[in-house]
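> Prediction below, plus the sequence it came from.
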Amino acid sequence: MTLPLVLASSSPFRRMLMENAGLSFESRAADIDERAIEAGLEDASPDATALTLARAKAMDVARHFAGALVIGSDQTMSLGDRVYHKPKSRDEARESVLSLSGKTHRLNSAIALVQDGELVWEHVAHADLTVRDLSEAFVDRYLDRVGEKVFTSVGAYQLEGEGIQLFTRIDGDYFTILGLPMLPLLDKLRALGAIDG
């Protein structure tokens, strides 16, 4: 007998990944203040920050779904000690993209499974992305072309769109890059008997 699944997210990308995998689930966005949680994690690693946020999302949504297995997820982006956030202005987006030029940064995608207020499992997967050397003029033209989309993603790029032109190398799977590492998640759901194995 499978368990009811709930995705603690309003992300269309995460919903699409679950739907494409043939999973039956409900989705509900968590009602948490992510920036307030992050403010208490100033010295935490990018992995720990992503896990804390994934747990908080799953715990919040689990309060509304007794017995269900709730999937919380979050992603941080880091370069060395710096953790990036969605840019709030064009200047921030420009600085963010230029800071990645010629360097390899990391996406840290965390999953937490919660049932009835208990943490069942958590996992972090990584993808390493290398940005080519970018000129300031190219970055300005790129920002002009993508417009408002730069404000919707950490790092001011979307790999599924024109952001792919920023990169020379990507090490990691597509699911991790989109923020929901599906392969380890599906393995765990099968092991728990939550989906047909």
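Yep, that arrived.

> Show me what counts as buried in the longest strand along the chain.
Looking across the chain with DSSP state E, the single longest strand is strand 118-131. The neighbour-count check on strand 118-131 (16 or more other C-beta atoms under 10 Å) flags 121, 122, 123, 124, 125, 126, 127, 129, 131 as buried. Quick note: C-beta positions are derived from backbone N, CA and C, even for glycine.

> any chance of those residues in JSON lines, plus pLDDT and distance to residue 54?
Below are these laid out as JSON lines (pLDDT from 0 to 100; distance: C-beta to C-beta, whole Å):
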{"residue": "121", "pLDDT": "98", "distance to residue 54": "11"}
{"residue": "122", "pLDDT": "98", "distance to residue 54": "7"}
{"residue": "123", "pLDDT": "98", "distance to residue 54": "9"}
{"residue": "124", "pLDDT": "97", "distance to residue 54": "9"}
{"residue": "125", "pLDDT": "97", "distance to residue 54": "12"}
{"residue": "126", "pLDDT": "97", "distance to residue 54": "14"}
{"residue": "127", "pLDDT": "97", "distance to residue 54": "16"}
{"residue": "129", "pLDDT": "97", "distance to residue 54": "20"}
{"residue": "131", "pLDDT": "98", "distance to residue 54": "26"}
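
> nearest to residue 180, of those residues?
Ranked by distance to residue 180 (C-beta to C-beta), those are led by residue 125 at 9.3 Å.

> If I follow the layout properly, that closest one ends up in contact with residue 109?
Yes - under the criterion of C-beta atoms under 8 Å, residue 125 makes contact with residue 109 at 5.1 Å.

> got any residues that touch both of these two?
The contact sets of residue 125 and residue 109 overlap at 175, 176, 181 (C-beta atoms under 8 Å, 6 or more residues apart in numbering).
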